[in-house]
Each structure stands twice: as C-alpha cells, then as structure tokens.
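Chemist: from the sequence below, what's the structure:
(3 chains)
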Amino acid sequence: MRENVKARRVVTGAAVLALFLSGCGGETIESGSDGGGSGSGENCGTVNLAVNPWVGFEADVAVVKYVAEEELGCTVNTKDLTEEVSWQGFASGEIDVILEDWGHPELEQQYVEDQKVAVKVGESGNVGQIGWFVPPWMKEKYPDITDWNNLNKYADLFKTSESGGKGQLLDGDPSFVTNDEALVKNLDLNYKVVYSGSEAALITAFRQAEEKKEPLLGYFYSPQWFLAEVPLVKVDLPAYEEGCDADPEKVACDYPETPLLKFARKEFMDSGSPAANLVQNFSWTNDDQNLVAKYISEDKMDYDAAAQKWVEENPDKVEAWIK
Amino acid sequence: MTVLTASRAAFTRPGRGRLIVAVVGVFVVLAAILRGTHTLSLVPSDTTALHRWFNEVNRWVSSNRNESPLFLYFFNEIRAFVGSLTTFFQDLIAQPSYGRPVPIIGWLGVVAILTLLALVFANLRVALLVVAGFSFIGLQGLWEESMQTLALTLSAVFLALLIGIPLGIWAGLSDRVHAVLSPVLDFLQTMPTFVYLAPFTLLFLIGPASATLVTLVYALPPAVRYTAHGIRSVPRASVEASESLGANGFQRLVGVLLPMSMRTVVLGLNQTIMAALSMATVAALIDAPGLGKTILKALQTLDVGTSFNAGLAIVVMAIVLDRLTTAASRRAPVQQQPRWRRPLLIGAGLAALFCVYLSRTYVWAAEFSTGSTIGDDIARLSSTFSDWVTSTFSDLTGWLKDTTTALLLDPLQTLLVESPWWLVAALLLALAFLLGNLQATVVTAFCVAGLVLSGLWQDSMTTLAATLLATAATLLLGVAVGVWMARSPRADLIIRPVLDALQVMPPFVYLVPFLALFAASRFTAILAAVLYAAPVVIKIVADGIVAVSPTAVEAAIASGSSTWQTIWKVQLPMARPALVLAANQGICYVLAMIVVGGLVGAGALGYDVVAGFSQGELFGKGLTAGLAIVVLGIMLNRITQAAAERRRNA
Amino acid sequence: MATVAPSSQDRVSDPGPAPSAGSPLISVRDLWMVFGPKAAAVPQNQELCGLSRRDLMQRTGNTIAVRDVSFDVAPGEVFVVMGLSGSGKSTLVRCLTRLIEPTAGSVVFEGENLLEADPKRLRDLRRHKFSMVFQNFGLLPHRRVIDNVAYGLEVRGAGKAERRQRAGEVIDLVGLGGYENSYPDQLSGGMQQRVGLARALAVEPDLMLFDEPFSALDPLIRRDMQNEVIRLHRELGKTMVFITHDLSEALKLGDRILIMRDGKPVQIATGDELVARPADDYVRDFVSDVPKGDVLTLRWIMRPVTDADPDEGPELGPDVVVRDATRVVLESHRPVRVVQDGKLLGIVGQDEILSIVAGAR
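Modeler: Modelled structure (predicted):
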C-alpha cells in the first residue's frame, strides 16, 4: 500500500514537472523554414558535389558550395566518398561534380569514354606534384640531400625497424599510384619502400620527424594542407620527361606535374544550370587552396566560414567564375 | 602462437612432440639454405590475371546496372526497401523531415522514449544511465551526429533481427542448416568491410541503403548465432516434456523453444547492436552520416581531440545500449516485480508521451542547444594529453618497437616470407596434421592452394607472421588479465568498463597517437590488433575461470595447492573450453584489424585491401586480399580447433 | 502395494503373463535400441550381439542401449524398471512412446503397434493416452504453475475454461493448491515435481511413465513423493511404468520389477521374489543389502510340511511379510502354519524367522 502511494507521488510529480516545463514554453517550431539562397538564379536546382577524403578537396568544395548557394541560389549536397565510389556516382546520377581529380585513367576510360556519363570539365588550376620529401631540418643539416644522387650516402640515416637494414622510403597513401618500388630499383638506391597505408600515417611521421629532428624520407604531394604547417623539402629525382614513365617497370624519373582536373556528370553539364557554369569556370591556385585548407584544418573553421573568408578576400576571382 | 600452445599439447603423446620439433627444425634448416627462392613475391602496385578479372566484373556491373533485370527487379527493390527503412529512422530522430527543420522526435522525446524502454525492460539504474549518457552526448555537441549513427544502427539491427531470428531458429532446429550457415557467418565476420564497401555502392548505390546493408553484413551473424544457440540450449527435458504431451512442431517452437531461448536471443540483440555500432565508423567512408564521419574527417587533419570526442560519444552510446539490453536479458520474470511497477510505468509512459509532444512543439526540446563547451573541452584535453604522451614516451616506445621487431617479428617473418612457398606450405600441412587431424590437414591444403592462387602468397605470409604474434600476445594478455579479474572482483569491477570502452572505441581514434608513438610499422599494427582483440579474449577467459566449479578450487586449496598451482593446475585446465573459444575469437578479432593495420604501416594484405578500396585499378587485388584474410582465418581456426579436440581426446 | 500373487518366471526373455486377468495394457516384445551407424543391422547379427559393449563400440561404433527386452504391463499395475546408470532404462521408457525411435521390436498398446503409428496418430496417442514425468521436471519456466499443468490440455486444443478447471483440480489433487499462479523457479524441487506430476495427470492418461522422477530430490522429500505416488495410484488406479535406480524405491512402488543391466533384462519379478530368488549374482548382489524381513513374505521362507510338524498352531497367510509374522512366530510355542484358502502350504518356525531377521541367510 505504501508503495502504491509512493508510485502515485512519482507519477504526479512527473506530470507536474511536465506541466511546468510546457508552461515555460519557449520558441515553437515552424515548419518549412528552410530559408534558401538569396542569390539571383532561382532556377539553379540541386548540385551534388563529391567530397574526396583530403582537406584540399574539401577546400574546393567549401568554396564552390558557398558561391553556388550564396551567389547562385543553388541547393548543394555534399557527399563524402572515396574517388572510386565518387566516379560510380556519375553513372547512378548521385554525383554531379568531382572538383579535384589526380588522374584515374581507368575510371576516365570507363565513365567518360565507354559509358559516356561523365565529361572532363577542365583543369582546376591546381597542379599536383608528387615526389619524395624530407623534413626541413634535414635540408639545413644535410644541404645536398635534395639531390637523389646523394641518397645512398645517407641511407643509413633512414634505417628503421621496418626497412630491413636499408634506408626507409615511407610510401603508401593508398589513394595514389606509386612508382617507388621501380624507382628504387632502377636508380640503384639502397632503400626499401615501406607502406604506411594512410595519409594520417604519412603526416604523423613527417610531423614527428620535424619535431624530434629525426630523419625521414617519404612520399608526399602538393597541394596539401600539411605543407602549410611543415614546409617539407622535395628531393629532386632525375627530371621528368615526356614518356619516361611509360613503362612502369622501367621508370627512372621524377613524377610529372599533374594539372588537377574537374570532372562532371554529362547530363549536369548539359543542363545549362548556372552551377554548371560555375564548375566550368572554377579555377584557383595551389596557394589559394592551401589557404582555405589551412582555415579548415588548422583554424578549425567550418566549411562556410572558411569559404566566406576566402571569398570576401578574393572577390575578383569569384566574379570571374560566375560571370 | 598456436604452434606454441599446441605443441605443448602434443607433448602429452610421446613421440609427437619430438616429431614436431624435428619438423620445425628441418624447416628452419631448409629455410636458411633456400632463403629467397620461390617466394612468390608481388610488388604492391602489380596485379595478376585473377585480380584483373575481378576488375572486369566490377566494370561489367558498373556498365550494366541500369539494364540488367537483376538490378531492376532485385537489387533496386532491396535498395528501395532498405533505403526507405533507413530514411524512416533518420527522419524519426536524426534529420529534418516532413518540411520541418527538425526530426519527427526531438532530443527530449528520444531521451524520454529510451528512458521509458529502460524502465520497462531494465530497471531504474539503467534508466538513469540512459538519461545521463544521452544528455552527455548532447552536451558534447554531437546530438545530431549521434542520432544519425543511432538511426543507422537501428535500421541495421532491425533488418538483422528480421533476417537473423528466423535463420537462427532454422539453424537451431536443423543440424544441417547449422553446418551450412556457420562458415557463411564466419565469412561475413572475417571479410574486411573495406573489401565490400565499393561493390556495395555499385550494387545499391551511394546512400542510406548501402550504409545500412554494409552495417547489416557485420551485424547479422550474432543475431543468427545467438538465436540458434538459444534454441539449441533449451533443456532437453522441457522439449521432451512437451513432445511427450503430443505437441507438434509449431506448438513446441512457440510454446517452449522460443520463450525459453528468449534471454539468449536478447543477448544476441546486444551483440548485434554492438557490431552495428562498431561498423558505423567504417560506413562513413561511403557517406553514411553520423559520428563516423566526424571521426574520419578529424583523422584527415590529425585532429586527435575531435575524433576522440566523437569516439567517446560512440563509447557512451554503446555502453548505454549494452547495459540496457543486458539488463533486459537478465530481467527478473514478471512475477517477481513489485506491484507498484505498473502504475509507475503507466505514469512514465504518459510522461514520455508528453516529452515527445514537447519535442515536437518547442525548439528547446527538439534541438539540443549547443551552449555547452564540454565537447570542446574534451577535444582540447584529449589532444593535449595525446601530445604529452607521444612527446614523453616516444623514445621508450621506439625502443620497445625496435626490440620486439628485431627479436620476434623479423625472424618469424623471414622464415615465413623468404622461404620457398612450397616449404612453408609443407610446414603448415605437417603442423596441421601433427597438431590437429587429417580433416584439418585437408582444409589447410585447400587454404594453402587458395593463397598461392590468389597471387598474394608473400603478403599473406607477412600478414600471417603478424597475426601469429598478435594472437600470441593477445592470449598471454588475455590469460594474465583474465585470471586476475576472475580472482579479484575489485579488479573486475574496474577493468571491465575499460574493456567495454576499448571494444567499441573506433580504432581510427587512437591511430594518430599510436603512429606518433610507434611510427608507421608492423609493430603498431600488431599493437592495434592486440588492443582490439584483448578485451574480448580477457572477458572470455575471466568468465570461463569464474565458471570453474568452486568445489574443484576448494578441493585444490584444501589439498594444499599454492595460488599459482591452483591457477595452473586447476582453474586454467578446467576453463579449457573457454580458452579454446578465446583463442578462436582472438584470431577472428586480430584478423578483423588487419585492414586497420594496413593503415598504420603493416603493409601486406591489409594495405592491399585499403589500396583496393581507394584505387580502381587495384580493386580486384583488394578483393583477393580480403579473401586471403578470410582463408587465413579459416586455416588458423581449423588447426587450433583440431589441436584442441585432439588434446581433449588424448 | 504388492497385492498380486507372484508367478515366478525364471526365463527373463519370457515376458510373463499379466498378473491380473485380461489383456495387458502395453506389451513390449523384442525391443532393441541401438545407437550409431547402421543400427538396424545389429539386432539381426548374432555375432555382433554377442560382443561386449566396448568391443562393439570399437568394431562398428554402435552402442546397444536396449537389448531384446520384452514385458507386459497389466492395467492398473505399477511396473518398475530398475538399473544402474547406463543400463538403458531411461532409453527404454522413451522407446515406449517413441520419444526415441526404437531400432527393432514392437510395442503394442491397447492392441495397436505403436511402432507402426504415423506421426499424427502418435501425437494423438501422446495427447490422450500417455503422459510422462521427468527426472529434471522439464517444466516451462516462463509459465505459471497452472499453465504448466494445463500445457498438455492446451496442446490438444482444449478451451481455456476447461483446461483451467481441470488443471485446478489436478493441482489440488497433488497438494499444490494456492500455488497456481507461482512460477516454477519460485518452488522447491519437490513442489516442482508435483507440478510435473500434475501436468502428467491433467491429461487423464491411460499410462503414466516416470523417468527417475525423484532422484534429484532430498531423501525426505523423495519419501513424501513416493507416498504421494502410492496414494495417487490407490485413488486413481493408473497404470504406471516407473524408472528408478533406487532399489528401495522399486520395492516400495513396484508390483513387478524389471532389472536391467547393460541394456539387457536380467530378471522380471515381484519385489519379494527378487529378494528370495535372485536370478543371478548380479541381482543377488543388488538385493543383498535389503532388509529381508521387510520384503520377504512367509511364502519364501516356509519349509515343507513334515510329519513331525504338529497339526495345530497359529496360521498365517503366505503373503504376510516376515517382519509382521516375527512376533507371532517367536511368541508361539509351535511353528506357524502357512495356510492359503484352507490349504496348508508350509511351516515357518523360529529357525526360519531368525535366519531372516538375523540376516544370516
């Protein structure tokens, strides 16, 4: 019986509390409050942007999304996907634009040439540079290390538990194709390629190496936000010449500079949407991208804030994209 | 490792032990002589015909997905159904829906409903835990992300139960179905997710359907297993009693088997939820929204703090859901519940309804106000801590890594990787026969053949070396800590929650500190695997030892055994089934981390899988590597199981 | 209990006639239960049948759980099957209702060979004719007592009101009134088995099977339960087949007892006959500890009448238990005359009595 009383008390208490809360009220929810853009083109529609998993790509997307929404009044969806899966999206209609492509000849063949669902929109203005890098302190201490001819001289410095008595060349961002095994062999270097397996592993390794002044030779690339934090120094391999990388087995030259490309779904480009025009015209430099990437990664700004900041600083560039 | 334990087992039979030593000895000598020949090496960027054939299949699917009736009438239908189910859950709790800027049920409603569930199915303590846990997540500033993860988990779990329970019942009733399903479930659990992420997006496109289905693959096995196990462990007497009274199959199922296996099925639900949650991070790679995305994004900028904050939210959610379902499975039967429960529950139900109403009406109850800075504080603190640890200990850890690698890993790997493949194959077959039995040898032969045909022999051997070492370390740790926990309730009380947290904390969160401490190396990968596998192994060992009959322990003490003797001569031998299970689970969990190992410098199969996911040209190779991991798992489990059986019979 | 005149049967394979008039309720002939591969071939193979358990296991992988068993059970009889663990008694009782499918032989119940019944018919019989009480009770923990008891009725499709009423009656009958709404795990072991008993009684079976129902219980409770069974048998007159490994239980309950060893029947007899005339050393060893005075009747200890015996003296029937006769014999000056239907069967003197009571037989 006593328990019953207790229970009743609890129930009443809850009800009173609830009434009190509702009495408190507060702002009520209004439906259909999605504001939408304030820009000019009301007929822009929806754009689906792929976001590949690196910050530079996010910088591209942040700015394009911001401009498309604010200036053109488009609805922009972003989808976090790896490259391979993004390309699939062209065929299924779920992805309209890939803003930064580092070269996927097979995918290009498949979706642009064979299936004709995607088109190459042009260059993004960024130039990709793959290569071998060392932390800056090494360049100071061993000035001649940036010449590949001296690498064997320093091989001992780069020994690790993983390299089996040779110097370690830390490779292996899984997203990038690498010729490094062939390079080591063909340039007769006393090095072993070790596959770190992720960008995070590469960056951590370089960050540690610079902090603790430890030797490290690794595969890296530009543009990359991390270069704003630690300006890695590139090691010069035998200069790239057209066709020197034709046979992957016999490569003995540096990686080519790759103009990064924009790809888009064919239907989307043909739609005449102002967003298609924006994608067509979008172009900026490595420095631009690194800056926005730094806003995002170092300063921890969200996409829109980072993009807004850059857009406000570079009105003429943006103007050129949407004209 | 398996070699070590099992060889001790074999010594119980005179001659066999010596034979094994001889076989290993001959192998080592031959390996030294023949080193570097017939190693079947393959550079990471190279592919074989088999890999390219898989690429072709991939391409074919991609080109034909809009025409083939298989897609139009099968995959697309599944996709539509699963997609709308997932979207329903998302609309319900996670995302703006039906033209409103908020989900159907806001945070207050969600917390109220979960609390009500806790009251109905568990107890007041769990209810309080629910309130505390979910409020904490809200204060972390991760409410929406968490609800996305929860929605994905719920839809995957719903499907897992929908499919898993009937399958489990079937497997519980029929030995043949059981025999067929078991390896399939093993396969689903060992096949690395990275391998089927890309194919799934091909089959089911990017979006909620794929995310749910990817999660489902991993969450389904426990649902099936536990249901089958529950059905199978209903006491024979009850089944017979019902049979003797003339119950037909259906009456037996509904009246006896199902009610009596309910607890086990609920435990299965618990495991299903845990599995689904642990997959939520990986599903973020194909655009599944939620906490996983936060973690992966943070990983791109090595933002340890943010990813830890999100990882913590997953841990909190997992622990709350775990306690809720565990309490539900242990719940006192209705009759033992006090009389005042009923009015209380009705009251709570009304209050929950009212909260739901509020959460649909008022902004404060719909959106968790993010005024709190707890999330940022956690992020800042954890990243400071991580920095401190890495800068303070990296010399020590570097030494540890180098020593272990030089003394243990390198010699073992050299033996397996640099020897001719046929020599290693012969060793494996001989060990399978000597430690296990003929059947294990046949299975091993098939596995070895599979590895050779995969074109990834050398990578497989590198991975095998790391796996053996990781499993050995896991078991040692498991036995040591497990025994400690079993003997000291206080230790158990403290360690268990830590294990729970470790088990659900996505490995991506501790990847960066680990890399800073141990650099990109095989050792880091082994450590990550041990960290992931140890909690499960420790728990199994601890529970197994606790379950040893107290009489036997008493008898041992009464006859003057020292603590050590009691452990060594009584508790461990009597907990043998648990130890065998621990070894098997240890292997499975270590294998599950191979891919993560690939992300931190282990190379080999793990790297192949990751690269295959990222580079279209390597898709086939990644798929093959995934299969090779499964094959390794089958081989190791067959040999350990056979060795365990042999020892029991000896 | 032992109200029936013993009819001694030395050959065990001969099932023995039903102790009371009329046809047997259940009649088992040449029943075999062989586990393992190609089980059906074993009973027909003389050579294999001759092997010991271990040899057979090694040779063919078979185990013979029940080996060529035959017996009859008369209506109203309590028939006990007794043996040590592994003697095949539990398998035997399961073969009777085909919970385990026998390998060979026949089980004729009310004129119908059960081994030929189709599943539907078998289920029908189980629903209406047999019921069973199990060693580990086999209760359904998720159901209340009353629903456990009503389970058999529910399975056969009885309406709710009917089964509640019937279940309530039976619960009262076994002395569980007041516990209808409890759950099994709230009851003690003895009370749980009463639920098992009630469940078996509820379906009003013609034949009740007991598989070591009391071996999991404490001795005192076991005795209560045995008395309960005796009482129920007296009140309801059910035919029972009772499995036990406890000789005193067998002697207490059984009209006749079948002793099994390694799946083989060793002897079928009444309790007193077992004690008086064990068929072999195995049985003799078994019964050696039995207080013979409590079991044997005068029939088994009387000596033939000689001319030297006086024509007068106290008279007792042949079925009087020795213990009850002791006082009479010892106080009498003359030997006691064992008389049935006015006919002198034999003489029991002080020597005969003392040899039993002193255990010097």
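Chemist: run the chain-centre distance for stretch A:236-252.
Modeler: 26 Å (Cα atoms, centre = their mean, to the nearest Å).
Chemist: hmm, who's touching stretch B:163-171?
Modeler: B:177-178, B:181-182, B:220-228, B:230-231, B:253, B:257-258, B:265, B:268, B:272 (Cβ atoms under 8 Å, 6 or more residues apart in numbering or on different chains). (C-beta placed from N, C-alpha, C; glycine too.)
Chemist: scratch that, stretch A:102-118
Modeler: So stretch A:102-118 is in contact with A:83-84, A:87, A:90-91, A:119-120, A:128, A:175-176, A:258, A:260-261, A:263-267, B:59, B:62-63, B:616-617, going by Cβ under 8 Å, 6+ apart.
Chemist: filter the residues you listed down to the buried ones.
Modeler: Using 16 or more other Cβ atoms under 10 Å in any protein chain shown as the burial test, the contacts of stretch A:102-118 include A:83-84, A:87, A:90-91, A:119, A:128, A:175-176, A:258, A:260-261, A:263-266, B:59, B:62-63, B:616-617 as buried.
Chemist: among those residues, which ones are in strands?
Modeler: A:Val119, A:Gly128, A:Thr258, A:Leu260, A:Leu261, A:Phe263, A:Ala264, A:Arg265 (DSSP state E).
Chemist: among these, show me the least confident.
Modeler: Lowest pLDDT among these: A:Thr258, with 85.
Chemist: what residues are up against that one?
Modeler: Contacts of A:Thr258 (Cβ under 8 Å, 6+ apart): A:Trp102, A:Gly103, A:Val127, A:Gly128, A:Gln129, A:Ile130.
Chemist: JSON lines please, covering these and showing distance to A:Leu157.
Modeler: Below are those laid out as JSON lines (distance: Cβ to Cβ, whole Å):
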{"residue": "A:Trp102", "distance to A:Leu157": "30"}
{"residue": "A:Gly103", "distance to A:Leu157": "32"}
{"residue": "A:Val127", "distance to A:Leu157": "30"}
{"residue": "A:Gly128", "distance to A:Leu157": "28"}
{"residue": "A:Gln129", "distance to A:Leu157": "24"}
{"residue": "A:Ile130", "distance to A:Leu157": "23"}
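Chemist: among these, the buried ones, what's the ChimeraX command?
Modeler: Those of the contacts of A:Thr258 that count as buried under 16+ other Cβ under 10 Å are selected in ChimeraX with:
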select /A:102,128,129,130
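Chemist: just give the number of residues close to A:Ser297.
Modeler: 26 (other Cβ atoms under 10 Å in any protein chain shown).
Chemist: again but with B:Gly109, I slipped
Modeler: Other residues close to B:Gly109 by other Cβ under 10 Å number 24.
Chemist: who touches the helix or strand containing it?
Modeler: B:Gly109 belongs to helix B:107-121 when assigned by DSSP states H and E. Residues outside helix B:107-121 that contact it (Cβ under 8 Å, 6+ apart) are B:93, B:105, B:126-127, B:129-131, B:134-135, B:138, B:143, B:147, B:320, B:324, B:327-328, B:331, B:344-345, B:348-349, B:351-352, B:355-360, B:365-368.
Chemist: repeat that for 6 Å
Modeler: Residues outside helix B:107-121 that contact it (Cβ atoms under 6 Å, 6 or more residues apart in numbering or on different chains) are B:93, B:126-127, B:130-131, B:134, B:138, B:143, B:324, B:328, B:348, B:352, B:355-356, B:358-359, B:365, B:368.
Chemist: now swap in stretch A:154-168 and tell me
Modeler: A:Ile145, A:Asn190, A:Tyr191, A:Lys192, A:Val194, A:Pro215, A:Leu217, B:Lys401, B:Asp402, B:Thr405, B:Ser521.
Chemist: apply 8 Å and report the result again.
Modeler: With Cβ under 8 Å, 6+ apart as the criterion, stretch A:154-168 contacts A:142, A:145, A:151, A:169, A:189-192, A:194, A:215-217, B:401-402, B:405-406, B:410, B:519-523, B:601.
Chemist: tell me the buried residues in it?
Modeler: Buried, per 16+ other Cβ under 10 Å, within stretch A:154-168: A:Tyr154, A:Ala155, A:Leu157, A:Phe158, A:Lys159, A:Thr160, A:Ser161, A:Glu162, A:Ser163, A:Lys166, A:Gly167, A:Gln168.
Chemist: got CSV for these, with distance to C:Asp124 and secondary structure too?
Modeler: Converted to CSV, the buried residues of stretch A:154-168 look like this (distance: Cβ to Cβ, whole Å; DSSP: H, G, I helix; E, B strand; the rest coil):
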residue, distance to C:Asp124, secondary structure
A:Tyr154, 91, helix
A:Ala155, 88, helix
A:Leu157, 89, helix
A:Phe158, 84, helix
A:Lys159, 83, coil
A:Thr160, 79, coil
A:Ser161, 76, coil
A:Glu162, 74, coil
A:Ser163, 79, coil
A:Lys166, 82, coil
A:Gly167, 85, strand
A:Gln168, 80, strand
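Chemist: what's the most distant pair in those?
Modeler: A:Tyr154 and A:Ser161 (18.3 Å; Cβ to Cβ).
Chemist: ok, back up a step: for chain B, state which of the buried residues of stretch A:154-168 is nearest.
Modeler: Of all the buried residues of stretch A:154-168, the one with the least separation from chain B (Cβ to the nearest Cβ) is A:Ser161, at 4.0 Å.
Chemist: can you classify the closest residue in space to the closest one that isn't next to it in sequence as helix, strand or coil?
Modeler: Nearest residue to A:Ser161, sequence neighbours excluded (Cβ to Cβ, 6 or more residues apart in numbering or on different chains): B:Thr405, at 4.0 Å. Assigned state for B:Thr405: helix (three-state reduction, DSSP: H, G, I helix; E, B strand; the rest coil).
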